[in-house]
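*Asks:* Let's see this in three dimensions:
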Amino acid sequence: MRVDFFEEFPNEKNLEKLKLINFDSTLYLASKSLSQFESIKERIKKINSEIEIAYWPVLEKSYWISPFSYTYELKNLYDELAKNSREKPLKILIDLELPFLNKKLFLFNLFSFFRNKKIIEKIFRDSKKLNLDILTAEYPIATDFMQRKLEWLGVSYPIERFPHKKIVMFYSSMIKNKFVLEKIKSHIKKRAEELGDKLQVGLGTIARGILGDEPILSPKKLDKDLSFCKKQNIDTVVIFRLGGLNNDYLKIIKKYL
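*Replies:* Numbers count the residues shown, from 1 in each chain. Model (predicted):
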């Protein structure tokens, strides 16, 4: 199993944790622009030159990407990706989440919904031309009906129509209802059988994110989640987030590499 990491806050303290990683891994690096990403990437090479680094764009005002984001920010993202020619494909994380961080966006951008959805779809459709290797971060779901709802809301896209891989954010520390947890696990099992290596699973959280109150997953429960993923033949998991990595978590992770 491959173990990758998200890092939402790429400051010196969090990036120093890269020194703990001596196995093949990818770091999804949150950045407000491609130029900022490249700048941080140069710093990372001095810490751990072996780590693969992927671009995780966060929008200045909207933060997450959805049809409720500001249109100009979505256009700027597309233009940024189109302007920068590259020899190798750029691995990019499209973090598809509704704007619960700023609920006003549901109202402010309601009438831009369909226009914005088309811009997001264009990033997927033009991925080959833009030389992108796209992965999406998506909500965990429990039923096919919920999947269709998320697709309508523009925070999930069918792989058959839009080329990419999915990372399902199965953050068990944040799912308090055991019945819901088991339903989500059943759906992940089903999707793993359908999508194969196009499905990855996000695990956590081992450090708090932008919400500031995310419950922390214990090493013991991380072990349980990794075991579940291994049984479903999930070949890659992505842990949220690097800044929480320590020797206790590392001991568990290395059991599954």
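*Asks:* check contacts around Ala142.
*Replies:* When contacts are counted by C-beta atoms under 8 Å, 6 or more residues apart in numbering, Ala142 touches Val180, Lys183, Ile184, Ser186, His187. (Glycine included, C-beta is placed from N, CA and C.)
*Asks:* swap the cut-off to 6 Å and go again
*Replies:* The neighbourhood of Ala142, defined by C-beta atoms under 6 Å, 6 or more residues apart in numbering, consists of Lys183, Ile184, His187.
*Asks:* want to throw those into JSON lines with secondary structure and neighbour count?
*Replies:* Listed next are those as JSON lines, based on DSSP: H, G, I helix; E, B strand; the rest coil; neighbours: other C-beta atoms under 10 Å:
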{"residue": "Lys183", "secondary structure": "helix", "neighbour count": "17"}
{"residue": "Ile184", "secondary structure": "helix", "neighbour count": "21"}
{"residue": "His187", "secondary structure": "helix", "neighbour count": "19"}
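*Asks:* Tell me the one among these nearest to Ala207.
*Replies:* Checking the contacts of Ala142 against Ala207 by C-beta to C-beta gives Ile184 as the nearest, at 21.7 Å.
*Asks:* show me where pLDDT drops low in the stretch 101-250 of the chain?
*Replies:* Flagging of the stretch 101-250 of the chain using pLDDT under 70 yields an empty set of residue ranges.
*Asks:* what ranges do the strands span in it?
*Replies:* Using DSSP state E, counting those that start in this stretch, the strands assigned to the stretch 101-250 of the chain run over residues 132-138, 165-170, 199-204, 236-240.
*Asks:* Next, the buried residues of stretch 114-128.
*Replies:* Burial within stretch 114-128, assessed by neighbour count using 16 or more other C-beta atoms under 10 Å, is assigned to Asn116, Lys117, Ile119, Ile120, Ile123, Phe124, Ser127.
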